[in-house]
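Chemist: Coordinates for the following, if possible.
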Amino acid sequence: MSLVDLANTKTRVLGWSAVMGVAPMIASAIATPGVTAALGVMANPVVGGIAILATIAGGIAGNMAANDLGNRMAEKLAKNPNILDNHDLIKAAGEALGYILKNVATKSPEFTALALSKNSSTRDLDKLAEKTPEYWQNINTEGVDLSRGLNISEEQLTLIFSADAAEFDRVTGLTPEDWARFIGEFAASEGKSFDAEIVEFVAQRLYETFPQAYREVLKRDAAQGGEKFAAMLLNLHQIALADLKDLGLQNGEILDKLEAVATREHICQVMAKLGAMEIGIRDDLAQIRVLLERYIDPTAPGLPIPVKSETIIQDRIKDFTGRKFVFEAINEFLRTKQKGYFVLEAEPGVGKSAIMAACVVMLKRRCVTHFNSQPDGIISAETFLENACTQLIEGFGLKDKYPRLPENALKNNNFLGDLLKEVSAKSSRDKKIIFVVDALDEVDWKAQTSGSNVSYLPNDLPDNVYFIVSKRPEFLTMPTANKTVFDLMKYSAESLEDVKAYLAKRTERSQLIQDWIKGRNLQREQFVTAVAEKSEKKFIYLRYILDEIEGGTYNDVNLNDLPAGLEEYYQKHWGQMKGREDDPLLELKVRIIYFLSQAEEAVSCRWLARSAGEKNVMNVQQVLVKWNSFLRQEKVGKETRYTIYHNSFRQFLEADETVQSAGLTLEEINDDIIDNSTVGAPL
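Modeler: Numbering: from 1, shown residues only. Here you go, the predicted model:
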C-alpha cells in the first residue's frame, strides 16, 4: 500500500467518522416525539434514517430527495477542509481502531485459535494495538485528493441517520479490502508481517465494528462530560447545519431543533441517549455473535425481511439482555449437525420472540426470517411459504428464473423443497442456509391440509439447511427427524440471572426508576431482587412493570404492592381500567380493548370508533392512552394503527372469567367486526 493510498484511506475514514459523528445529533433532534408528531413523522416505533432525511428534505426549497440530501451532506462533510485538520476527530478514530485491535480481534477465541494454527503470537497484534493511535495520528494527508466520494449506499444512509442505536450499529463503512491494506502497511511500518488469514480476520473485525467502536469512544467521553470530543461533535454539527441552510432549509421547527444542540452539555445528552449497542462489542454475547457469523456471509446483501417481521424484531431487541446459554446451544447445533430443526420451547412471556429477534440480528439478517403473530394477523402457513420462498429467490439471485411464485407454491411445501435443493446446491459448503421462524403455536394450522406439519415445514432438508424455530410447550405436528428440542424452562437459574441483569440495565439507564426506588428508601439491589422474584422470570412482566413505574402508574404503591406475576398484573390492571361503575367511558374502555383483541391486523382509531359505535374519535384516543402499555403502534402513511402487544394479554381477555366480568361475549364482538367490515369500516 503506497503512502498516497494510506493517506486516502485515512481521509475516507475521517469522512465516514464525520458523517457518523453528526448523524446522531440530527437524528436525536428530529426524532423527539413532540417534533415527529408535529411534522407527521413516526415517533414510535423508532424513526428510520430515510424518514429523518425525508423530513428535512421536505422542508428544503426545491423538494430534494431524501437520498440526495443524505449524500449531499455526506459529501460536504467529507470534503470540508476542517475535517482533515480536526485533531480531535483524528484522535477519536485512532482510539476506535486501537480499541478494536485490542478488545475485539485479539480477545476473540477464533483469533486465538487462528494465531496458534499459524504459529503466530497474539501478543504481536496487542503491541500493534497499543501503537495504533500514534501511527494513525502521524499518517500525512497533506495534499491528499479530496475528489473521491464516500459512495454511501441507500441502506447505509438509512442506518447512519436512524434514531435507533441498534440500526446505527449495523453501519459498516470502508470495505474489508481497505482495512486489510491498512493492517498490512501498519504492520510493515513496525517491522512485522502477518499471515494472510490473520490479516483477513482482523480486517473483517474492523469492517464490522469500527462504527460501533467509534461511537463507544464518543459515548465514554460524553459520560465524562465531553472533555475530549464534545467540541469536535459540536463543530461537525454546526458545519452540517450551515450546509442545510445553504441548501435552503425553510422549516423553522426543524431549524429550531437542530440549533438547540448548541452546547457541550447538549452534545453529552445526545450521546447518552444512544443507549447500549444492539448486541454490543463489550457485551458477553460478542463472542457468540462472532461464532454465529461463521455460518453466513456477512458481506452478502441482507434478505428482504417482511416489514411486520422487521417491526417485531426492532421492538423485541430493545434492551435485550443475556440468554448466552441459548445461543451457545444454537451454535453447538449448527456446528455439529449436518442439517435439521432447533426447537426453542418455553411458556408465554419468557422472551422467546426476543431470543429469535436477537438471533436474526446476530446473523446480520442473512437468514430467512418469519415471525408469526396473532395480533398482527400473521398466522397462516401460506404467509410463511410466501415469505420464505420470496426471501430465498431474492437472496440467492433467482429473480430472473422466478419473476413470480408458481401457482401452487403456497398450497404445500413442494416448491419450497425444490428451492431449498437449488439454493443448497449453489451455496458455499462452509456457509449455511438458516431459517428463523418464531411462534409456531400462533399458526392457524387447522386451516392446513390434514396431517401436514405446522406451516408446512418440510420433513426432508438438504444438507446445510437449518431451521431455528420457537413454540410453546404444546403438541404441534412437526418434522421428527434431525430435531433438537431446547426446553428453556429447565434453565431456571440462568434465566433468573438474565432477569436480574435486565432489571439492572433498565434501572441504571432510567432516572425515573431510580427516583422511585429512592422514594421508598430502597437499595437498588433490593429492588432488583424483589422484582425479579415477582416476575416469575417473565420478561414481558418486567417490560410492563418498568414502563409503568416510569410512567407514574405506581407512584402511590410500595414495592410489596407490585403485582406478583403476569396473571396478577393483568388482573390488577383490568380492575383499574374498569374503575368506577359511573365512569362515562367504562363501556367504551372495555369494548375498545376487546375489539383490538379480536382484530386480525393493526387497526386505526377511526376503525375502533366505528366498531364501538362511538362518534367522537377523540374519546377513543383517550381510551387508547389508558391501554398504552398493552399496545404496539405502527405508522401506515400518516395514520397510526394499533395491535395488542403480546398474545398472553389476548388470551387473558379471552378467559371465561375475564369475559364474564366484561359483561359481553366474544361472539358479539366478532359479529360487530364482521358487520363493520361488510359496510366498509376503515382500518
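
Chemist: what about the strands in the stretch 401-550 of the chain?
Modeler: According to DSSP state E, counting those that start in this stretch, the stretch 401-550 of the chain carries its strands in the segments 433-438, 465-471, 483-487.

Chemist: could you say what helices and strands the shortest one packs with?
Modeler: In this structure, strand 483-487 packs against helix 324-336, strand 340-345, with contacts taken as 3 or more Cβ pairs under 8 Å, 6 or more residues apart in numbering; DSSP states H and E. All C-beta spots, glycine's among them, are computed from the backbone N, C-alpha and C.

Chemist: Would you indicate which residues of it are buried?
Modeler: 484, 486 (16 or more other Cβ atoms under 10 Å).

Chemist: in its sheet, what does it sit against?
Modeler: The pairing partners recorded for strand 483-487 under DSSP bridges are strand 340-345 (parallel).

Chemist: in the partner strand, what counts as buried?
Modeler: The neighbour-count check on strand 340-345 (16+ other Cβ under 10 Å) flags 340-345 as buried.

Chemist: that older thread, and E639, which of the helices and strands packed on strand 483-487 is closest to it?
Modeler: Closest of the helices and strands packed on strand 483-487 to E639 is strand 340-345, at 35.2 Å (criterion: Cβ to Cβ).

Chemist: Tell me how far the helix or strand just after the closest one lies from the chain's centre.
Modeler: The first helix or strand that comes after strand 340-345 along the chain, using DSSP states H and E, is helix 352-362. Distance of helix 352-362 from the chain centroid (Cα atoms, centre = their mean, to the nearest Å) equals 9 Å.

Chemist: Pick the one among the buried residues of strand 340-345 closest to F467.
Modeler: For the buried residues of strand 340-345, the residue nearest F467 by Cβ to Cβ is Y341; the value is 4.7 Å.

Chemist: hang on, the earlier thing: tell me which of the strands of the stretch 401-550 of the chain sits nearest to M362.
Modeler: Of all the strands of the stretch 401-550 of the chain, strand 433-438 sits nearest to M362, with 10.2 Å by Cβ to Cβ.

Chemist: elements contacting the closest one?
Modeler: helix 352-362, strand 368-371, helix 414-426, strand 465-471.

Chemist: Can you list the strands that it pairs with?
Modeler: strand 368-371 (parallel), strand 465-471 (parallel).

Chemist: now the helix or strand just after the shortest one: mean pLDDT?
Modeler: Same thing as strand 368-371. Per DSSP H and E, strand 368-371 leads on to helix 381-395 as the next helix or strand towards the C-terminus. What helix 381-395 shows for mean pLDDT is 91.

Chemist: what do you get for stretch 356-363?
Modeler: For stretch 356-363, mean pLDDT rounds to 89.

Chemist: what's the answer for stretch 317-326, then?
Modeler: Mean predicted confidence for stretch 317-326 is 82.

Chemist: End to end on it, go ahead and measure it.
Modeler: Start-to-end span of stretch 317-326 (Cα to Cα, to the nearest Å) is 15 Å.

Chemist: Run the chain-centre distance for it.
Modeler: 12 Å.

Chemist: do stretch 379-389 as well
Modeler: Relative to its parent chain, stretch 379-389 has a centroid offset of 23 Å by Cα atoms, centre = their mean.

Chemist: Stretch 231-243 too?
Modeler: 28 Å.

Chemist: So which bits of that stretch are buried?
Modeler: For stretch 231-243, a neighbour-count test (16+ other Cβ under 10 Å) marks 232-241, 243 as buried.

Chemist: List the contacts of it.
Modeler: 18, 21-22, 25-26, 72-73, 76-77, 80, 82, 86, 88-89, 92, 218, 226, 258-259, 261-264, 267, 271 (Cβ atoms under 8 Å, 6 or more residues apart in numbering).

Chemist: Now a ChimeraX select for only the buried ones of these.
Modeler: Entered in ChimeraX, the line below selects the buried ones among those, by 16+ other Cβ under 10 Å:
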select :18,21,22,25,26,72,73,76,77,80,86,88,89,92,218,226,258,261,267,271
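
Chemist: Filter the contacts of stretch 231-243 down to the ones in helices?
Modeler: Judged by DSSP state H, the contacts of stretch 231-243 include 18, 21-22, 25-26, 72-73, 76-77, 82, 88-89, 92, 218, 258-259, 264, 267, 271 as members of helices.

Chemist: Where does pLDDT dip in the stretch 501-650 of the chain?
Modeler: Counting by pLDDT under 70, the ranges of the stretch 501-650 of the chain that qualify are 576-587, 600, 626, 628-629, 634-638, 645.

Chemist: and the gap between S162 and N103?
Modeler: 25 Å (Cβ to Cβ, to the nearest Å).

Chemist: Show me which of those two is the more surrounded one.
Modeler: More neighbours surround S162 than the other of S162 and N103, with 26 against 17 (other Cβ atoms under 10 Å).

Chemist: quick check, that one in a strand?
Modeler: No. Counting by DSSP: H, G, I helix; E, B strand; the rest coil, S162 is not found in a strand; it is coil.

Chemist: thought it was touching I26?
Modeler: No. If you go by Cβ atoms under 8 Å, S162 and I26 don't touch, sitting 10.8 Å apart.

Chemist: which residues are in contact with both of these two?
Modeler: Each of I52 lies in contact with both S162 and I26 under the rule Cβ under 8 Å, 6+ apart.

Chemist: Could you look up the SS state of E568?
Modeler: For E568, the assignment made with three-state DSSP gives helix.

Chemist: Show me the shaky parts of the stretch 101-250 of the chain.
Modeler: Scanning the stretch 101-250 of the chain for pLDDT under 70 picks out 104-109, 145-149, 163-167, 169.

Chemist: rerun at 90
Modeler: Applying pLDDT under 90 to the stretch 101-250 of the chain flags the ranges 101-199, 201-250.

Chemist: Just say which of the strands paired with strand 433-438 is most tucked in.
Modeler: Each of the strands paired with strand 433-438 was scored by mean neighbour count; the highest is strand 368-371, a mean of 26, by mean count of other Cβ atoms under 10 Å.

Chemist: pLDDT of that strand, averaged?
Modeler: Average pLDDT, strand 368-371: 93.

Chemist: what would the strands of the stretch 401-550 of the chain look like in CSV with distance to V326 and mean pLDDT?
Modeler: Shown next, in CSV, are the strands of the stretch 401-550 of the chain (distance: least, Cβ to Cβ, whole Å; pLDDT from 0 to 100):
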stretch, distance to V326, mean pLDDT
strand 433-438, 13, 94
strand 465-471, 10, 95
strand 483-487, 7, 93
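
Chemist: In a markdown table: those strands, plus distance to C389.
Modeler: Formatted as a markdown table, these follow (distance: least, Cβ to Cβ, whole Å):
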| stretch | distance to C389 |
| --- | --- |
| strand 433-438 | 12 |
| strand 465-471 | 14 |
| strand 483-487 | 23 |
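
Chemist: closest to N372 out of those?
Modeler: Nearest of those to N372, taken as Cβ to Cβ: strand 433-438 at 6.1 Å.

Chemist: tell me the angle that closest one makes with helix 352-362.
Modeler: 150 degrees (axes from the mean of the first three to the mean of the last three Cα atoms, to 10 degrees).

Chemist: tell me which residues of stretch 181-195 are tucked away?
Modeler: For stretch 181-195, burial by neighbour count (16+ other Cβ under 10 Å) applies to 181-187, 194.

Chemist: Start and end of that stretch, how far apart?
Modeler: Start and end residues of stretch 181-195 are separated by 13 Å (Cα to Cα).

Chemist: Can you tell me what sits against that stretch?
Modeler: Identification of contacts with stretch 181-195 by Cβ under 8 Å, 6+ apart yields 1, 5-6, 9, 118, 120, 124-125, 127-128, 131-132, 135, 199, 202-203, 206.
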